[in-house]
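Visitor: Got a sequence here, can you build the structure:
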Amino acid sequence: MRFSKDAKSKSIARMNLPLYRPLTPGDLKQIDRTARHILKHVGIRIYDDASLDFLKKVGARVNHKNKTVYFDGKWLDEVVGHAPSQFTLYSRDGKNDIHLGQGKVYFTNGGRAFRRFDARTGRYRYTVLRDVANTATLVDHLEHINFYIIACQAHDLKPEAYHLNDFFHAFNHTTKHVMGGCDNLEGVEQVWKLASFIAGDEDKLKERPFVSVITNPISPLIIETNTLSILRFCCTHGIPVTCAPAPIAGMTAPVTLAGTLAQMHAEALAGFAIAQAFSPGAKVLYGAVATAMDLRNMDFTMGSVEMAMMNAAAVQLAKLYNLPIYASGGVTEAKTPSMQAGIEKSFSNLMVALAGADCIHLAAGMLDSGNSISYEQYVIDNEIIGMVQRTISGIKVDEDTLGFDVMEKVGPGGHYVIEDHTVEHMMDEFFYPQLCIRSNFDTWEEQGKPDMLRRAEDEVQRIVESAREGLFDSAFVTEVVKVFPGIKIIKRNSSKNSGKVTHVIACAAFKPAIEYLQLTRRYPGLRVTYLPSNLHIGPQRLRNYLRNKITAAQKRYERIVCLYGDCFPHIDDFCQQYGVIKVPGFHCYEMLLGSAQFQKIVDETAGTYFLEKDLILNFEEYCMKPLELYDEEIRKCCFDHYNRLLYVRQPSDPDLVAKASKLAEFLDLSLEIRDADYSHLEKVLTELL
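Guide: Numbering: from 1, shown residues only. Got it, this is the predicted structure:
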């Protein structure tokens with residue numbers, strides 16, 4: 001038997017996985033021993049005579065009379081031993097490759113649902129080919145969903161056209177790795193020919209396969225002819241494949257979890273052994289989709305906690321043989337995005353991830369025990385998965401993260417907000433959710449009391465409506481259709497902009513204005529990132545921070561707009577260098593007041609020091625302490641050339657007049673208040689958008 005490497009191996013230790021082991025070492029041995037006993041004495045039913053003859057020829061024990069293959073221990077270990085413990089599921093652009101067997105955990109959606117729930121209408125409908133394209137687009141944009149599984153059945157196609165169209169529109173809407181099931185040998189041959197054409201030729205596809213195939217034995221203990229044909233084709237043509245049993249505890253497997261696991265393990269090892277017999281060294285994933293029944297009413301329950309437990313246990317069984325595993329998690333019985341969905345999905349995704357699964361399928365987009373999908377659920381699950389990924393990445397402990405130097409510098413009673421150490425680590429130490437509500441109560445009310453589902457709806461609209469209609473250029477699509485005339489070309493029924501996402505990177509001082517103007521609602525293709533306003537204190541820090549955000553946005557092929565004034569030297573040249581559109585305006589307050597009012601203020605009195613809400617509320621942290629303004633001489637040096645403070649009041653500001661007056665008195669300056677005028681900013685941004 002081929003056992004896994006020591007748990008202290010480099011690839012596992014750096015992730016500190018597994019952290020959850022539902023099976024003790026003794027339990028693990030008993031289940032494995034029982035599974036091997038099943039394979040030796042009960043066997044696997046195979047009805048295809050050609051496969052029986054082949055397996056007998058390569059050393060399996062075959063009974064043609066009862067159509068059963070038996071796997072003796074020595075032969076089983078020999079053939080399974082040919083399997084690679086590590087291999088890669090490639091993305092087309094090389095940016096999202098899936099490195100299996102290296103201690104990393106990857107997440108993907110689930111496939112072949114037949115209904116879609118639309119959160120905006122509250123209704124279900126049967127899925128169509130457009131849903132394949134849209135879900136691929138969502139996965140392409142959602143960073144925590146690492147590859148794409150063909151999500152649903154295209155009811156607007158004839159069965160013979162399913163596979164060609166499913167995979168073509170998946171390839172055309174994501175560069176991430178694509179996986180899917182095929183119903184028959186003809187279907188997998190179509191997919192292979194299509195993928196080879198896109199890759200350039202068969203050898204290039206074999207070298208970097210960006211497509212893989214799902215097959216399933218039938219529980220209990222049957223592998224039918226179509227599955228064997230597909231499995232053999234994939235193994236001999238270099239297409240990664242999984243043969244994933246889906247036993248249902250209490251229905252197609254024993255009611256006990258241990259019994260279901262023993263049967264599932266036997267079925268998974270059988271599929272693995274047969275695949276290696278077909279082609280030694282074939283890239284095969286140990287598969288696990290162990291589920292359960294609610295035996296009180298005979299309902300299928302993929303969202304049960306027992307399913308999560310069994311799939312976590314399956315990881316232990318696969319790793320006993322040092323095999324990469326395709327496990328399952330993130331399913332719910334809920335019929336709509338809801339608290340139930342969040343509870344069931346979070347528990348199972350986290351449990352299976354903590355067990356150290358190589359990839360977790362069904363983790364995103366699924367509702368109704370895997371029968372339905374929801375675009376909004378994809379976005380919500382992306383956030384759940386992001387939290388899970390942050391959890392399993394652990395806490396980094398080294399000399400820098402322990403932070404003694406910065407603690408020594410700040411000292412008792414100090415603060416860390418503007419320290420370089422804070423700026424350097426604030427983005428990689430924390431997971432920042434996009435959907436969860438983290439504002440204070442008053443801000444939440446002012447924003448119209450948004451909730452996670454409404455934000456998910458907006459994000460879906462932004463992604464789907466603003467995405468290109470296909471990643472392939474039109475000339476290549478025409479070429480593909482000539483070679484594969486069965487492909488159906490679909491067009492989006494929308495008059496809205498279908499270009500790139502526009503990403504505005506702005507100082508946080510503009511947040512009240514952008515929210516007041518409701519730009520993200522008016523322009524679904526708009527994304528806004530706010531950078532901390534205190535970055536102005538260190539122009540070089542602001543420059544570096546902005547460059548990092550621009551680089552990340554460019555990787556997503558977004559159109560980038562910089563909403564800053566001349567906040568560091570040569571910012572116009574900087575934006576031009578990175579191909580970024582800078583909003584016209586020398587001064588941030590010029591954009592908040594309008595050019596005419598700003599110029600009038602500048603002309604009427606020289607030496608105006610501008611304030612807005614964030615600076616008033618945080619003046620001590622941003623200015624007093626760093627500049628040591630408590631010292632009268634330093635304060636005079638810094639502010640002697642100013643004649644007045646001018647507070648630019650925005651509509652959403654709380655009452656800050658008293659604080660601003662106190663600040664003016666401290667600085668020995670007069671105070672004036674002008675209300676913001678967003679008309680200039682709205683006009684400029686509207687033209688850009």
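Visitor: residue contacts, the residue nearest to the spatial centre of the chain?
Guide: Centroid-nearest residue in the chain: His144, 1.7 Å away (criterion: C-alpha atoms, centre = their mean). By C-beta atoms under 8 Å, 6 or more residues apart in numbering, His144 lies in contact with Phe107, Asn382, Glu383, Ile385, Gly386, Gln389. Heads up, the C-betas are built off the backbone N, CA and C, glycines and all.
Visitor: And the residues you listed, which two are furthest apart?
Guide: Across the contacts of His144, the longest distance by C-beta to C-beta is 11.9 Å; it joins Phe107 and Glu383.
Visitor: The residue nearest to the centre of the chain belongs to a helix, doesn't it?
Guide: No. With DSSP: H, G, I helix; E, B strand; the rest coil as the criterion, His144 is assigned coil and is not in a helix.
Visitor: what's the spacing between it and Gly411?
Guide: The gap separating His144 from Gly411 is 39 Å, by C-beta to C-beta, to the nearest Å.
Visitor: if we can go back for a sec, closest one to Ile44 out of the contacts of His144, please.
Guide: Phe107 (30.5 Å).
Visitor: contacting residues for the closest residue to that closest one other than its chain neighbours?
Guide: Excluding its sequence neighbours, the residue lying closest to Phe107 (C-beta to C-beta, 6 or more residues apart in numbering) is Ala363, at 4.3 Å. Applying C-beta under 8 Å, 6+ apart to Ala363 gives the contacts Phe107, Thr108, Asn109, Gly110, Ile145, Gly329, Gly330, Lys345, Asn349, Asp381, Ile385.
Visitor: Mind putting those residues into JSON lines with distance to Phe484?
Guide: Compiled in JSON lines, those are given as follows (distance: C-beta to C-beta, whole Å):
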{"residue": "Phe107", "distance to Phe484": "31"}
{"residue": "Thr108", "distance to Phe484": "25"}
{"residue": "Asn109", "distance to Phe484": "25"}
{"residue": "Gly110", "distance to Phe484": "26"}
{"residue": "Ile145", "distance to Phe484": "27"}
{"residue": "Gly329", "distance to Phe484": "35"}
{"residue": "Gly330", "distance to Phe484": "33"}
{"residue": "Lys345", "distance to Phe484": "37"}
{"residue": "Asn349", "distance to Phe484": "36"}
{"residue": "Asp381", "distance to Phe484": "32"}
{"residue": "Ile385", "distance to Phe484": "34"}
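Visitor: Out of those, who's the most crowded?
Guide: Gly330 (34 neighbours; other C-beta atoms under 10 Å).
Visitor: mind checking the SS state of the nearest residue to that residue once chain neighbours are set aside?
Guide: Excluding its sequence neighbours, the residue lying closest to Gly330 (C-beta to C-beta, 6+ apart) is Ala363, at 3.5 Å. Of the three states, Ala363 takes coil under three-state DSSP.
Visitor: ok, now how distant is Ala363 from Ile550?
Guide: 30 Å.
Visitor: Mind telling me what element the closest residue to Pro159 other than its chain neighbours is part of?
Guide: Closest residue to Pro159 apart from its sequence neighbours, by C-beta to C-beta, 6+ apart: Asp183 at 7.4 Å. Assigned by DSSP states H and E, Asp183 falls within no helix or strand.
Visitor: what about Asp183, neighbour count?
Guide: The burial count for Asp183: 14, using other C-beta under 10 Å.
Visitor: Just the pLDDT for it.
Guide: For Asp183, the pLDDT comes out at 90.
Visitor: coming back round to it: tell me the phi and psi of the residue nearest to the centre of the chain?
Guide: phi -90, psi -10 (degrees, to the nearest 10).
Visitor: repeat for Lys488
Guide: Lys488 adopts backbone torsions of phi -100, psi 120, taken as degrees, to the nearest 10.
Visitor: Could I get the contacting residues of it?
Guide: Leu129, Leu157, Ala161, Asn165.
Visitor: Surely the last one is in a helix?
Guide: Yes. Under three-state DSSP, Asn165 falls within a helix.
Visitor: How many residues are close by it?
Guide: Neighbour count for Asn165, taken as other C-beta under 10 Å: 24.
Visitor: my read: it touches Leu129, true?
Guide: Yes. Asn165 lies in contact with Leu129 (C-beta atoms under 8 Å); the separation is 5.8 Å.
Visitor: list residues touching both of these two?
Guide: Contacts common to Asn165 and Leu129, judged by C-beta under 8 Å, 6+ apart, are Ala154, Leu157, Lys488.
Visitor: about what we covered before: from the contacts of Ala363, which two are the most distant?
Guide: Largest separation among the contacts of Ala363 by C-beta to C-beta: Thr108 and Lys345, giving 13.9 Å.
Visitor: Please parse the chain into its domains.
Guide: Under the assignment automatic domain parsing, the domains of the chain span 10-393, 395-431, 432-589+682-688, 595-678.
Visitor: what's the host helix or strand of Leu285 packed up against?
Guide: For Leu285, the element it lies in under DSSP H and E is strand 284-287. Here strand 284-287 touches strand 241-243, helix 257-278, helix 305-320, strand 325-328, going by 3 or more C-beta pairs under 8 Å, 6 or more residues apart in numbering; DSSP states H and E.
Visitor: Mind listing what's buried along whichever helix or strand comes after it?
Guide: Sequence-wise, the next helix or strand downstream of strand 284-287 (DSSP H and E) is strand 291-294. Within strand 291-294, the residues that count as buried by 16 or more other C-beta atoms under 10 Å are Thr291, Ala292, Met293.
Visitor: Please apply the same query to stretch 540-559.
Guide: Result for stretch 540-559 [16+ other C-beta under 10 Å]: buried residues Arg541, Leu542, Arg543, Tyr545, Leu546, Lys549, Ile550, Ala553, Glu558, Arg559.
Visitor: Distance to Tyr578 and secondary structure for these - can I get that in a markdown table?
Guide: Listed next are these as a markdown table, based on distance: C-beta to C-beta, whole Å; DSSP: H, G, I helix; E, B strand; the rest coil:
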| residue | distance to Tyr578 | secondary structure |
| --- | --- | --- |
| Arg541 | 17 | helix |
| Leu542 | 14 | helix |
| Arg543 | 11 | helix |
| Tyr545 | 13 | helix |
| Leu546 | 9 | helix |
| Lys549 | 10 | helix |
| Ile550 | 5 | helix |
| Ala553 | 10 | helix |
| Glu558 | 12 | coil |
| Arg559 | 12 | strand |
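Visitor: Closest to Cys588 out of those residues?
Guide: For the buried residues of stretch 540-559, the closest approach to Cys588 (C-beta to C-beta) belongs to Leu542, at 12.0 Å.
Visitor: OK, contacts around the residue nearest to that closest one when sequence neighbours are not counted?
Guide: Once flanking residues are discounted, Leu542 sits nearest to Leu535: 4.1 Å by C-beta to C-beta, 6+ apart. By C-beta under 8 Å, 6+ apart, Leu535 lies in contact with Val423, Cys507, Arg541, Leu542, Tyr545.
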